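Novice: Provided below for reference: sequence and predicted model.
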Protein chains: 2
Amino acid sequence: MAVYTDLTDEELAELLQRYDLGRALAFKGVAEGVENSNFLLETETGRYFLTIYEKRVKREDLPFFMGVMEALGAASFPAPRPVHLKDGGFLTEVRGKACAIVSFLTGVSPFRPNPAQCRAIGTTLAAMHGALDGFPMERKNALGPSSWPGLVTPRLEEAEKLQLGLAALVEADLKELQDWPSGLPEGAIHADLFPDNALFLGDEVTGVIDFYFACTDARAYDIAVCLNAWCFEGREYNLTKGRALIGAYERARPLSAAEREAIPLLARGAAMRFFATRLWDWAATPAGALVRPKDPREYADKLAFHRRATRASDYGA
Amino acid sequence: MAVYTDLTDEELAELLQRYDLGRALAFKGVAEGVENSNFLLETETGRYFLTIYEKRVKREDLPFFMGVMEALGAASFPAPRPVHLKDGGFLTEVRGKACAIVSFLTGVSPFRPNPAQCRAIGTTLAAMHGALDGFPMERKNALGPSSWPGLVTPRLEEAEKLQLGLAALVEADLKELQDWPSGLPEGAIHADLFPDNALFLGDEVTGVIDFYFACTDARAYDIAVCLNAWCFEGREYNLTKGRALIGAYERARPLSAAEREAIPLLARGAAMRFFATRLWDWAATPAGALVRPKDPREYADKLAFHRRATRASDYGA
């Protein structure tokens, strides 16, 4: 929750002159995301979201993120749609930082997704992969398996402080994850589709947001991220939710034998990816800071499940 | 900018069952205010603002604040209008904290108000005082002159660190402010009508928000707060803006001779009130904190002007 860069009404008016959106009727910084500054913007033509990109987002990656959102919008998938500048592009600058305006989506993020919502997100994920089929741009997954040792190894002492014995377990995980699946069907994926990044009305998905980790990677890895983010209840994997999510995905895009077989390792790797960044942020945040980082132990617990689960059926696939 | 208490979709749905607002279509924490947690809420019936009251707001004061907003709404003054619960009250609880839902107002706060906006806020302030004429509830101004020595005196060392010689000047101010005007026309006042708490479209006021310092006090003191908040440009008082604000106010409610004469002292006192709380927060905030308090020097500079200005005409009255 953060607004790092605030704009004055004059700066906003100047910015809006670069768009065909009319003048601002309302403008509120929102406590959403930790990477960027986000604002709800209402103008004479509708409601939008203004994002000012802060240092953790690389400027050279922005055209990929905008391209993904634009392609999804063109396919009528409910993602924020970038708004064209008068000059035709999607990206401009304010206070020396890159920024963009996208369409606003209604809906509320589920805090504790139920099986029907897991089913809905499975359907939505398959629809998203379908809409991005043939998407021409590429972006390497900067948080893929080769990044994990560099994030985790310098922080093993911190991990051990969180949970006795964790350092050795995680070191062993990292070794086993070197045998990472390859050759699986790839495409543009979301790579961070947590319940926070999904909007619902009841059990219907109304939107998928926050494409700032999107990249080109195995589609089954996107499923693996979702299994971690949607199908656990505390430390326990909920097989009903897993079956609902995977089953719904497969109704639109059945998994190949290789994808199905890879699910346990992909799920373990996805858990490591979130454990790694959370451990990093945890160790980097001073004790008295107002913004508490997310507790890495949640993903340490999920890793413990993944060490035991070795078959696709353990995940409901 | 803060969301201290976040709600899950389930808690929100449960809360909305106490109202006749339909279900939530969107819900976003907003980076607004530093005292409370604020959320933009869209439901099937419209757009609202949900506030969860944090510890700095006293629960026993809430009925007064709600009453002021309700009275303003009833008089068609553009203030947030509290939404009735099904049980008829305005206040309920969530996570053990008091909360309320009010109507949403469009508009954008001016960062650097121009003379036309100063004129508009003068007109609006008089309209607000008119709408609150005969308002039956009372609340003592907890940040009136008797509170200032207790806030400032323990922090004089800190003041001296900010600006050499400031401690002695402020001590002298506090003595002179003991001769505080009495017997001026009173009523319910806003007491914190900064540009942040006003919404505009162009030069037209569309709303006045944040009534959480409202109290029963001299109406001319409300003008004095506005002169400090709207009519300075850096250290310099802008007479054009002051004339515009006071002149517009007087077109609806002419000042009495006593009110006019009191303006210099009221303005100096208003500056002391904001200097006092800013100095307090400044000294109370650890050096590395993410939320920087407002710099008390802004109001030290304004106090310097008020020491020199002794006639109502120095303010444009």
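Specialist: That came in fine, so what should we check first?

Novice: Could you look up the SS state of the residue in the stretch 101-250 of chain A that chain B sits nearest to?
Specialist: Closest approach between the stretch 101-250 of chain A and chain B, counting by Cβ to the nearest Cβ: A:Phe111, at 3.4 Å. All C-beta atoms are positioned from the backbone trio N, CA, C, and that covers glycine. Put simply, A:Phe111 is coil when judged by DSSP: H, G, I helix; E, B strand; the rest coil.

Novice: got it, and A:Pro293?
Specialist: coil.

Novice: quick one: it and A:Pro286, what's the gap?
Specialist: 11 Å (Cβ to Cβ, to the nearest Å).

Novice: Do I have it right that A:Leu156 meets A:Ala167?
Specialist: Yes - counting by Cβ atoms under 8 Å, A:Ala167 is a contact partner of A:Leu156 at 4.2 Å.

Novice: With neighbour numbers in mind, choose between the two.
Specialist: Taking other Cβ atoms under 10 Å in any protein chain shown, A:Leu156 and A:Ala167 do not tie; A:Ala167 has more neighbours (19 against 16).

Novice: Wasn't the more buried one part of a helix?
Specialist: Yes - using three-state DSSP, the assignment for A:Ala167 is a helix.

Novice: Look at A:Pro293 and A:Pro286 and report which has more neighbours.
Specialist: A:Pro293 (16 against 7).

Novice: re the thing from before, count of neighbours near the residue of the stretch 101-250 of chain A closest to chain B?
Specialist: Neighbours of A:Phe111 (other Cβ under 10 Å): 14.

Novice: my guess is it contacts B:Ala13, does it?
Specialist: No - using Cβ under 8 Å, A:Phe111 makes no contact with B:Ala13, being 10.4 Å away.

Novice: In three-state terms, label A:Pro264 for me.
Specialist: Of the three states, A:Pro264 takes helix according to three-state DSSP.

Novice: got the residues of the stretch 51-200 of chain A near chain B?
Specialist: Within reach of chain B by Cβ under 8 Å from any Cβ of the partner chain, the stretch 51-200 of chain A has these residues: A:Phe104, A:Thr106, A:Gly107, A:Val108, A:Ser109, A:Pro110, A:Phe111, A:Arg112, A:Leu199, A:Phe200.

Novice: Please enumerate residues in contact with the helix or strand where the last one lies?
Specialist: In other words, A:Phe200. Element membership for A:Phe200, per DSSP states H and E: strand A:198-201. Contact with strand A:198-201 is made by A:78, A:105-110, A:117, A:120-121, A:124, A:205-209, B:9, B:23, B:25-26, as judged by Cβ atoms under 8 Å, 6 or more residues apart in numbering or on different chains.

Novice: Of these, just the buried ones, PyMOL syntax please.
Specialist: To isolate the buried members of those in PyMOL, using 16 or more other Cβ atoms under 10 Å in any protein chain shown:
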select buried, (chain A and resi 78+105+106+107+108+109+110+117+120+121+124+205+206+207+208+209) or (chain B and resi 9+25+26)
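
Novice: Sort out which of the contacts of strand A:198-201 are in helices and list them.
Specialist: A:Gln117, A:Ala120, A:Ile121, A:Thr124, B:Asp9 (DSSP state H).
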